[in-house]
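In: whatever this is, show me its structure:
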Amino acid sequence: MDSDGLALPTFGEEEGIEALSFFLGDLVDFGTIVNDFVHALSVDVGGTIGDDEDMSLGLDVFTGEAFNLTIDLQKGSNVEAQPAWMHGMGMEALEQTRLEANLSRLPTFTLSSRDTMAGILADGRIDAQERAQAQSIFEAINLTAAEPLAVAMEDGRISAKELQTFNASLLEAEGVSLQDRRSWHLRAWLPSLPAGTIELLYDFRTIAGVPTYEIDLKMSQWQPLYPQLTIIANGLEGQDVELYIDGLDTSQPRNVELNALFSTQENLTVPRFSVDMYYDAGVRLESAHAIFIDNEALTRVEALVVGIPRSTDVSAVIGDILVLDLVVPEPHRINGHSADSLMLKQLRYLNGFWWPSTAFMRDLPGEMHLATEPDSRFDIRQQTAFQGMRTLDYSSNTDDMDLYLEASGRAIDAKGDVLMLAEDLPTRFVLALTDDFGMRVDSSGVGVKRVYVRQTDVPAAPGVTMERVEVVGQNLKGATIHIYAGPGQYPLIVIDDITDGRLVASAQVFIEPGYELPLFGDFKFEGRGVLLDAQFTGILPTASSMGVNGIVTDLSLIGTLMGDDNPVETRHVLVVDPISSAIASGLAMIFG
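Out: Predicted coordinates for the structure are as follows:
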């Protein structure tokens, strides 16, 4: 939809009545644009919800004067929640599945049964109190999917997952067809919209089976009336979206541009939420807070950014993996940095609880590429200690970003809960699996200033649970770790390629002997392991240490003495002493 312009008449001597005539003509054209937009909105957004049907709505307006825009649109009468008035836009949508009866195929669907079913479906739902009666009517009219149909209609909308519980084609052949309908109520208040060009596009399409939403906005010389802008849309495609922006410049007009693509891949064990966005707000913003709730996938994604640069190109994938790419143009960086801080969180609803995975970042660099995901290589013939481990690949233009990662095992479909804190990440940091299934840690510069990793509630073996494993490191530059099976399958740990750093590690393990010997029942005790550490430089032993359920060590004693200008690689060989460990565990079982 396009407009050639809308200019207010000045009624000067050179214009007079002719100016008024042109103005009225432009006003009619502008009204036609708005009318066409509302009609398209009513037909495409408010009508039947098609299967994988693409939809695009656009508005392209050019005006000669600033104007205020107030919208109050409603489609349908059964939307219970009312959107609030706000500086921005609020929308409440209700999507329901209607049961359409083909009476020619339902000879036993009597008038009294139809009246009863109409009363049950008056609110579009079949609640728990109505389910038994509705199921008996479905069975009386010979519907084979009587029970799953009654259950699926509890919330009024039959989702794609619920649709798999019965045969929709057979149901239609038996006389009942399903039709998804949407009702909605939209309110928007946007005062002081700018003179000039306003382009707005909302586009929905399915890409490789994944529903994708795109928002494209361009405004020239916009001077907002208020510094906050809010967008809330609840109920569209079973999703709720909230966006709060603070820090808009109300003192002078600026050009504004935004393009954002959102999608949720629900056909995975842990759904993945993706966003790809570019924006130029014309001024540095104070904060932005976004919330995305998928009521069908039962996930909640939340993002909070403080100190937002004027322009950013960012893409992210959040779920069982975290992938974040961020680029801020050089002129909009502050001392090489972009945002002050960032919080990303995804919660997954499972077994009656919400399970979170969270990431916090501080002093974000102007350019950053971060990826953490489980390694997908497996080989049962190789050492399995690190197989399936969560890798980390990070690169940036600064060396002072702080990172906090925490995830419950059920949130990312992994064994145990994980916590990681890193201070002053270098420009390059890699935690990955080697080709021979060891673990490699590599960093640039002076390494990671401080790092803390904790894993809890990890089932290590039948009857053995690692209650807690903690590692604290300082000035870690790099290391390669391999675990070998020694005599009696006791682990032999070899750490190579060490030049500097300090490490503190501890663990708490509980053993349930009743798993192998039922005589012990549910009895469990804390296991103790005596760890011997021998440090080598070349073939020469240079240091040794011993610890119970942990160890404290300078990773390279010679490297510390030689300094950074003369790095010396060191090897550590760590072995669990079976005799001392058995004695320590026995004493722990007796004396606690």
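In: which parts of the stretch 101-250 of the chain are helices?
Out: For the stretch 101-250 of the chain, applying DSSP state H, counting those that start in this stretch gives helices covering 111-120, 128-140, 146-152, 160-163, 168-174.
In: who touches the closest residue to Tyr244 other than its chain neighbours in this structure?
Out: Once flanking residues are discounted, Tyr244 sits nearest to His289: 4.5 Å by CB to CB, 6 or more residues apart in numbering. Heads up, the C-betas are built off the backbone N, CA and C, glycines and all. Contacts for His289 (CB atoms under 8 Å, 6 or more residues apart in numbering) come out as Glu242, Leu243, Tyr244, Glu302, Ala303, Leu304, Val305.
In: identify the bridge partners of His289.
Out: Applying DSSP bridges to His289 gives these bridge partners: Tyr244, Leu304.
In: and it, how far from Thr108?
Out: Look at His289 and Thr108: by CB to CB, to the nearest Å, they are 55 Å apart.
In: repeat that for Gln252.
Out: Gln252 is 72 Å from Thr108, by CB to CB.
In: now Gly175
Out: Distance from Gly175 to Thr108, by CB to CB: 10 Å.
In: more neighbours: the two, which one.
Out: Ranked by neighbour count (other CB atoms under 10 Å), Gly175 and Thr108 place Gly175 first, with 19 against 10.
In: ok, now which ones touch the closest residue in space to the more buried one that isn't next to it in sequence?
Out: Nearest residue to Gly175, sequence neighbours excluded (CB to CB, 6+ apart): Arg105, at 3.4 Å. Arg105 is in contact with Ala173, Glu174, Gly175, counting by CB under 8 Å, 6+ apart.
In: possible to save the residues you listed as CSV with pLDDT and distance to Gln455?
Out: Formatted as CSV, these follow (pLDDT from 0 to 100; distance: CB to CB, whole Å):
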residue, pLDDT, distance to Gln455
Ala173, 94, 54
Glu174, 93, 53
Gly175, 93, 56
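In: which one of the residues you listed is nearest Gly88?
Out: Proximity of the contacts of Arg105 to Gly88 was ranked by CB to CB; the top entry is Gly175 with 46.0 Å.
In: might one say that that closest one is in contact with Ala101?
Out: Yes. Counting by CB atoms under 8 Å, Gly175 does reach Ala101; the two are 6.2 Å apart.
In: hey, what's in contact with both of these two?
Out: Phe109.
In: now do the residue nearest to Tyr244 against Leu304, distance only.
Out: Applying CB to CB to His289 and Leu304 gives a distance of 5 Å.
In: other SSEs contacting the host helix or strand of Gln96?
Out: Using DSSP states H and E, Gln96 sits within strand 88-101. The helices and strands touching strand 88-101, judged by 3 or more CB pairs under 8 Å, 6 or more residues apart in numbering; DSSP states H and E, are strand 176-193, strand 228-236.
In: dump the C-alpha coordinates for the first one into CSV.
Out: This file holds the C-alpha atoms of strand 176-193, laid out as CSV (Å, rounded to 0.1, in the frame of the first residue of the first chain):
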residue,chain,number,x,y,z
VAL,A,176,-16.6,-34.1,12.0
SER,A,177,-14.1,-31.7,10.5
LEU,A,178,-11.7,-29.3,12.3
GLN,A,179,-11.3,-25.6,11.5
ASP,A,180,-9.0,-23.3,13.3
ARG,A,181,-10.2,-19.8,13.9
ARG,A,182,-8.6,-16.7,15.4
SER,A,183,-10.2,-13.7,17.2
TRP,A,184,-8.2,-10.7,18.3
HIS,A,185,-8.2,-7.3,19.8
LEU,A,186,-5.5,-4.7,18.9
ARG,A,187,-4.8,-1.4,20.5
ALA,A,188,-2.0,1.0,19.4
TRP,A,189,-1.1,4.5,20.4
LEU,A,190,1.8,6.1,18.6
PRO,A,191,1.8,9.9,19.0
SER,A,192,4.2,12.2,17.1
LEU,A,193,4.8,9.9,14.2
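In: now do the strands in the stretch 351-500 of the chain.
Out: Here the stretch 351-500 of the chain has its strands, by DSSP state E, counting those that start in this stretch, at 353-362, 367-374, 390-396, 401-407, 417-425, 428-433, 439-443, 448-461, 464-476, 478-485, 491-498.
In: redo the ones you listed as CSV? Include distance to Asp294.
Out: Shown next, in CSV, are the strands of the stretch 351-500 of the chain (distance: least, CB to CB, whole Å):
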stretch, distance to Asp294
strand 353-362, 13
strand 367-374, 21
strand 390-396, 24
strand 401-407, 18
strand 417-425, 23
strand 428-433, 30
strand 439-443, 34
strand 448-461, 27
strand 464-476, 33
strand 478-485, 39
strand 491-498, 42
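In: so which of these is nearest Met343?
Out: strand 353-362 (5.4 Å).
In: what does the closest one contact?
Out: With CB under 8 Å, 6+ apart, strand 353-362 has contacts from 300, 322, 340-349, 401-412.
In: the inter-axis angle of that strand versus strand 367-374?
Out: Relative orientation of strand 353-362 and strand 367-374, computed by axes from the mean of the first three to the mean of the last three CA atoms, to 10 degrees: 150 degrees.
In: list the buried residues of strand 353-362.
Out: Trp355, Ser357, Thr358, Ala359, Phe360, Met361, Arg362 (16 or more other CB atoms under 10 Å).
In: how far does that strand sit from its chain's centre?
Out: Taking CA atoms, centre = their mean, to the nearest Å, the mean C-alpha location of strand 353-362 is offset from the chain mean by 9 Å.
In: likewise stretch 71-90?
Out: Using CA atoms, centre = their mean, the offset of stretch 71-90 from its chain centre is 27 Å.
In: now stretch 316-332
Out: The answer for stretch 316-332 is 12 Å, by CA atoms, centre = their mean.
In: okay, the residue nearest the centre of the chain: pLDDT?
Out: Central residue of the chain (CA atoms, centre = their mean): Ile318, 3.5 Å from the mean position. What the model reports for Ile318 is a pLDDT of 85.
In: wait, doesn't it sit right on Glu302?
Out: No. Applying CB under 8 Å, one finds Ile318 not in contact with Glu302, separated by 9.7 Å.
In: can you check which residues contact both of these two?
Out: Contacts common to Ile318 and Glu302, judged by CB under 8 Å, 6+ apart, are Leu344, Gln346.
In: these two touch, right, Tyr515 and Gly463?
Out: Yes. Counting by CB under 8 Å, Tyr515 does reach Gly463; the two are 3.1 Å apart.
In: more neighbours, these two?
Out: The neighbour comparison of Tyr515 against Gly463 (other CB under 10 Å) goes to Gly463, with 16 against 13.
In: not counting stretch 129-140 itself, show me its contacts.
Out: 108, 113, 116-117, 120, 126, 145-147, 149-151, 153-154.
In: quick one: buried ones out of the residues you listed?
Out: Buried, going by 16+ other CB under 10 Å: Ser113, Thr116, Met117, Ile120, Ile126, Ala145, Ala146, Glu147, Leu149, Ala150, Val151, Met153, out of those.
In: tell me the one of those nearest Arg428?
Out: Distances from Arg428 to these, taken by CB to CB, are shortest for Val151, at 52.9 Å.
In: so what's the residue count around the closest residue to the closest one other than its chain neighbours?
Out: Spatially, and ignoring its direct neighbours in sequence, Val151 is nearest to Arg131 (7.0 Å; CB to CB, 6+ apart). When counting by other CB under 10 Å, one arrives at 16 neighbours for Arg131.
In: now Arg131: how far from Glu147?
Out: 9 Å.
In: ditto for His185
Out: 34 Å.
In: now swap in Leu405 and tell me
Out: Applying CB to CB to Leu405 and Glu147 gives a distance of 44 Å.
In: show the pLDDT at Ser3.
Out: Reported pLDDT for Ser3: 43.
In: typo on my end, Thr312
Out: 93.
In: pretty sure it contacts Tyr278?
Out: Yes. Judged on CB under 8 Å, Thr312 makes contact with Tyr278 at a distance of 7.3 Å.
In: compare those two (neighbour count), which wins?
Out: Between Thr312 and Tyr278, counted using other CB under 10 Å, Thr312 has the larger neighbour count: 20 against 15.
In: with adjacent residues omitted, what lies nearest to the more buried one?
Out: Nearest one to Thr312, counting by CB to CB, 6+ apart, is Val328 at 5.3 Å.
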